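Peer 1: need the 3D shape of this:
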Amino acid sequence: MQIGNRKWTLELVKEKALKCTTKTAFKNAYGGAYSWCYKNSCMDIVCSHMKLKYPKLTAEIVKKIALGYKNKVDFRKNHNREYQYALDNQIINDTCKHMELKSIKEKKTCKIISPKITWSLELAHKEALQYQFKKDFRKYSNSAYSWGHRHNVINFICSHMAIINKDWTEESAKAEALKYQYKKDFRKYSCGAYTWCHRNNIIDIACSHMKSGYTDLTIKIVTEEALKYKTKREFEIGHSRAYFYAHGKNIINDICSHMESGRGKWDFLLAQNEALKYRTRKDFQDNSSGAYSYAVKQKIMDKICLHMVTGYGFWTIPLVQEEAKKYESRKDFERNSCGAYCFAYRNGYLDELCNHMVDKAKTDNNVIYIWKAIGLGQWNDKDIYKIGKTSARLGKERIYFVANEAKIEAEIIIISHVICKASDLETKILKLGDKVNLFGFNGASDFRAFSEENLKKALEIITPYMEQEKIEEFEVTAIL
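Peer 2: Numbering: from 1, shown residues only. Just a heads-up that it's a prediction; the model follows:
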């Protein structure tokens, strides 16, 4: 393998580019040549033989596509690239002149590219009459609303609007709270009453009838779980839901009284002996955060880390080459050996050192999946599911990776190849159900608590986009 910066020329770059059919393939296969083209402004010449992923747009093409839609919302939703082209080239009004305004929000969006309005009392009052509440007036016609504030006429032009604010009392706040089963819904749909209860320290009384999101946990269960761990940190990592349940019930100190505390344990000698176990400060920080934090606070880090490798000047080309051979993809190389990766990148050797690797940095975004989390119990009386996207070439690898990280079992509901971007379907499905507050592992933010109706709706979103020719390659265990 040749190591060192390659002296690219136009002929060499053209030779490499001819082996690729698209710019994306060119960039992934020959990153150095691609960068050279970009810096020397010869990309169009070198890539003239390549196929365009999308046809070049013109005003005529965009107008023809727009004629198939009755409003801008549908046009933007189904042909966002053409919609953005019309916006960027300031032909959106001409392109969409045959369309109807679907909503007030869309109507106000149109004014973004309209000539600037010079507001007067009459015009501002006329604009305000279109809204029932001040918050809608401020959101969808901010310029008129701001003009009214600046000229101290906001109360006059908004005199017809309904007043949302309410003078809460203990009785009215409690009556409002009785409408909800969970604090989350109370806070979301009646923020004024919820805030008033907090300020007046009656939130626990007002919400005493409400259910907890941790419906499968009790004080007895959490106490028994805590006995399995020696420290609070191990408890938090091993069973985060039980840990935060205990915090919410203010029993964390009682159920953890048998645990060892790391606070006040360290002194100079102990920290120095601990530091001697590690070769770099990074390993020291990752594996003994208590001693590391103590050393930082006491400003003794330099004294106890004299034996450690600093990281600067440690890596050489042969060492980095050997390190790179341990990994099959650049992403794994960067994640697990950042120092070697950065050394190769800064010195221009990355392409040569990684030419044996497979690019796994980006997903193909062509598979959507939903699986049930076995072992997490329920959230708001609903089962918990993981929604995500992956690549057909990876199969179920992503599912088992996340399940292992979270230390739970996965019951696959559906995993299917789709004909659209799987990320678009994922975004729609994540809007369903209740968000589950998990963290501490990869993919934790994509868990949702679904009712049977939510799950059925999620599967209905996926079904029209399932690619029938490839569906047999994947397992579909349940379609409601």
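Peer 1: only C-alpha atoms for contact and neighbour calcs from this point on.
Peer 2: OK.
Peer 1: next, count neighbours for the residue nearest to T21 when sequence neighbours are not counted.
Peer 2: For T21, ignoring the flanking residues on the chain, the nearest one in space by C-alpha to C-alpha, 6 or more residues apart in numbering is M50 at 5.0 Å. For M50, the neighbour count with other C-alpha atoms under 10 Å is 16.
Peer 1: what sits against M50?
Peer 2: Shown in contact with M50 (C-alpha atoms under 8 Å, 6 or more residues apart in numbering): C20, T21, T22, K23.
Peer 1: how far away is R330 from M357?
Peer 2: 7 Å (C-alpha to C-alpha, to the nearest Å).
Peer 1: the stretch 1-150 of the chain: helices as residue ranges?
Peer 2: Along the stretch 1-150 of the chain, counting by DSSP state H, counting those that start in this stretch, helices occupy 10-17, 23-29, 31-39, 43-46, 59-66, 72-78, 80-88, 92-95, 104-110, 121-128, 134-140, 142-150.
Peer 1: who are the packing partners of the third one?
Peer 2: It stands for helix 31-39. helix 10-17, helix 23-29, helix 43-46 (3 or more C-alpha pairs under 8 Å, 6 or more residues apart in numbering; DSSP states H and E).
Peer 1: ok, N336 - how many residues close by?
Peer 2: That count, for N336 with other C-alpha under 10 Å as the rule, works out to 13.
Peer 1: circling back to that earlier point, ranking the helices of the stretch 1-150 of the chain by mean pLDDT, which is last?
Peer 2: Among the helices of the stretch 1-150 of the chain, helix 104-110 carries the lowest mean pLDDT, a mean of 47.
Peer 1: what's across from I384 in the sheet?
Peer 2: A449 (DSSP bridges).
Peer 1: distance to K72 and neighbour count for the contacts of M50 - can I get that in JSON lines?
Peer 2: Listed next are the contacts of M50 as JSON lines, based on distance: C-alpha to C-alpha, whole Å; neighbours: other C-alpha atoms under 10 Å:
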{"residue": "C20", "distance to K72": "38", "neighbour count": "19"}
{"residue": "T21", "distance to K72": "35", "neighbour count": "14"}
{"residue": "T22", "distance to K72": "32", "neighbour count": "17"}
{"residue": "K23", "distance to K72": "32", "neighbour count": "18"}
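Peer 1: returning to that earlier point: can I get the helices of the stretch 1-150 of the chain in TSV with distance to F343?
Peer 2: Shown next, in TSV, are the helices of the stretch 1-150 of the chain (distance: least, C-alpha to C-alpha, whole Å):
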stretch	distance to F343
helix 10-17	25
helix 23-29	20
helix 31-39	16
helix 43-46	28
helix 59-66	47
helix 72-78	44
helix 80-88	39
helix 92-95	48
helix 104-110	48
helix 121-128	60
helix 134-140	49
helix 142-150	50
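Peer 1: between the helices and strands packed on helix 31-39, which one is nearest to N253?
Peer 2: In terms of C-alpha to C-alpha, the element of these nearest to N253 is helix 23-29, at 53.3 Å.
Peer 1: now do the buried residues in the closest one.
Peer 2: K23, F26, A29 (16 or more other C-alpha atoms under 10 Å).
Peer 1: any idea how far N355 is from the first one?
Peer 2: Spelled out, it's K23. Relative to N355, and taking C-alpha to C-alpha, K23 is found at 18 Å.
Peer 1: relative to E453, which of the helices of the stretch 1-150 of the chain is closest?
Peer 2: Comparing the helices of the stretch 1-150 of the chain under C-alpha to C-alpha, the one sitting nearest is helix 72-78, at 25.4 Å.
Peer 1: mind jotting down where the strands sit in this protein?
Peer 2: In the chain, the strands defined using DSSP state E lie at 367-374, 378-379, 382-390, 409-417, 434-435, 447-450.
Peer 1: now the end-to-end length of stretch 160-179.
Peer 2: Span of stretch 160-179 from end to end, C-alpha to C-alpha: 29 Å.
Peer 1: would you mark the buried spots in that stretch?
Peer 2: M161, W168, A173, K174, E176, A177.
Peer 1: look at G339 and say how many residues are nearby.
Peer 2: Counted with other C-alpha under 10 Å, G339 comes out at 17.
Peer 1: that one and I203, how far apart?
Peer 2: With C-alpha to C-alpha as the criterion, G339 and I203 are 51 Å apart.
Peer 1: and the residue lying closest to E411 once chain neighbours are set aside, bridged to which residues?
Peer 2: Leaving aside its chain neighbours, E411 sits nearest to K372 (5.0 Å; criterion: C-alpha to C-alpha, 6+ apart). Beta-bridge partners recorded for K372 (DSSP bridges): Y385, E411.
Peer 1: surely K372 meets K386?
Peer 2: Yes - K372 lies in contact with K386 (C-alpha atoms under 8 Å); the separation is 6.3 Å.
Peer 1: looking at stretch 457-468 now, give me its mean pLDDT.
Peer 2: In the prediction, stretch 457-468 has an average pLDDT of 85.
Peer 1: kindly report the same for stretch 298-307.
Peer 2: On average, stretch 298-307 scores 86.
Peer 1: number of nearby residues for the residue nearest to E411?
Peer 2: K372: 22 neighbours (other C-alpha under 10 Å).
Peer 1: how about H49, what does it touch?
Peer 2: Neighbouring residues of H49 by C-alpha under 8 Å, 6+ apart: L18, T21.
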